[in-house]
Every structure is written in C-alpha cells, then in structure tokens.
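Chemist: A predicted structure for the sequence below; I have some questions about it.
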Amino acid sequence: EAGLSKADVREISRHLDLPTWDKPAFACLSSRFPYGVGITRENLVRVDAAESFLRERGFRFFRVRFHDTSTARIEVGPQELPRLVEEPLRQELVAYLKSLGFTYVTVDLQGYRTGSMNEVLTKEAKAQYVQPEKTAKGS
C-alpha cells in the first residue's frame, strides 16, 4: 500500500539500525516437506527447531529438509559447508537433531538452493503442484 519495494524496506531498516535489515528471506516451513507428505504441527516444530539451531550459530543460507519422520537433510550455502562439519559443531548438531526425533542427519553436498524439493517432480507433477506466483494485483 505504501509503494515500497523490498529493497526500500531493507534500506529504511538499515538506516534505522534495525538488526534484521539484511536478514535473508525465508519461505514457509511447509516448503521443507516433500509433496504429498502430510504436514503436522509436531513435524513443523521439529524443522523450525533444527533451523533455529543453525541460525543461532550464525548460518545465513540454509534449510533443513524433512524426509519422512526419520531423516533431516541439511542444506547450507557452499561457503558455510566447511564450518558445518567442523567439530564440535558437527557432533552438537547431530545430537540436537536426534533429540528432536531424527534418526538420520544428512548434509546435502550440493548446498542450499531454493526449490530443491521440486527436483524430484516430473514436468507434469510440477504443473500440478507448483503454481505460478500471484502478484498482489492479480490475486
């Protein structure tokens, strides 16, 4: 309504010295789950807690992807990958995610990328599941 772009909001926030002025955008937590998998409150809480662990340790570009109830697949920016596997952080991360109920804690060597849950979809399935973004005016 104010006619401000995302860049405008970030610049105003930076000028006001707000600590979140350069915080990366985060998609809805449901984007961490494979298509067709039921999303429960419990599993959303698990993914959120896992991502909070990474955020609190200074990671900026990451996702924790949920693959069934037993596997968490971690994506971090390629520049952050070496730090993710350094000790004692690696052991702390594994212990924490296991305390959340994950049996397997994996690291995606391709690193963080948006839309990685779409990679398994065929062209037909993408047309079914992935809808074009609507603009505020087109909604």
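Modeler: Cool, the structure landed. The shown structure was predicted, so the numbers you read here are calculated from the model rather than taken from an experiment. Numbers count the residues shown, from 1 in each chain.

Chemist: so where's the chain shaky on pLDDT?
Modeler: Across the chain, the ranges flagged by pLDDT under 70 are 24-26, 118, 120-123, 125-139.

Chemist: where is the longest helix in it?
Modeler: In the chain, taking DSSP state H as the definition, the longest helix is helix 41-56.

Chemist: sticking with Arg73, tell me its helix or strand.
Modeler: Secondary structure from DSSP states H and E places Arg73 in strand 71-76.

Chemist: isn't Ser31 right up against Phe66?
Modeler: No: counting by CB atoms under 8 Å, Ser31 sits too far from Phe66 to count as a contact (10.2 Å). For every residue, glycine as well, the C-beta is placed using N, CA and C.

Chemist: who has more neighbours out of these two?
Modeler: Set Ser31 next to Phe66 and count neighbours by other CB atoms under 10 Å: Phe66 wins out with 24 against 15.

Chemist: what distance do you get for that one to Glu87?
Modeler: Phe66 is 26 Å from Glu87, where distance means CB to CB, to the nearest Å.

Chemist: please apply the same query to Ser31.
Modeler: Distance, Ser31 to Glu87, using CB to CB: 31 Å.

Chemist: now do stretch 54-66: distance to the chain's middle.
Modeler: Distance of stretch 54-66 from the chain centroid (CA atoms, centre = their mean, to the nearest Å) equals 7 Å.

Chemist: identify all contacting residues around it.
Modeler: If you take CB atoms under 8 Å, 6 or more residues apart in numbering as the criterion, stretch 54-66 is touched by 24, 31-34, 37, 43, 46-47, 50-51, 72-77, 80, 83-84, 89, 93, 97, 108, 112, 116-117.

Chemist: kindly give a single ChimeraX line that selects the buried subset of those residues.
Modeler: To isolate the buried members of those in ChimeraX, using 16 or more other CB atoms under 10 Å:
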select :32,33,43,46,47,50,51,72,73,74,75,76,80,84,93,97,112,116,117
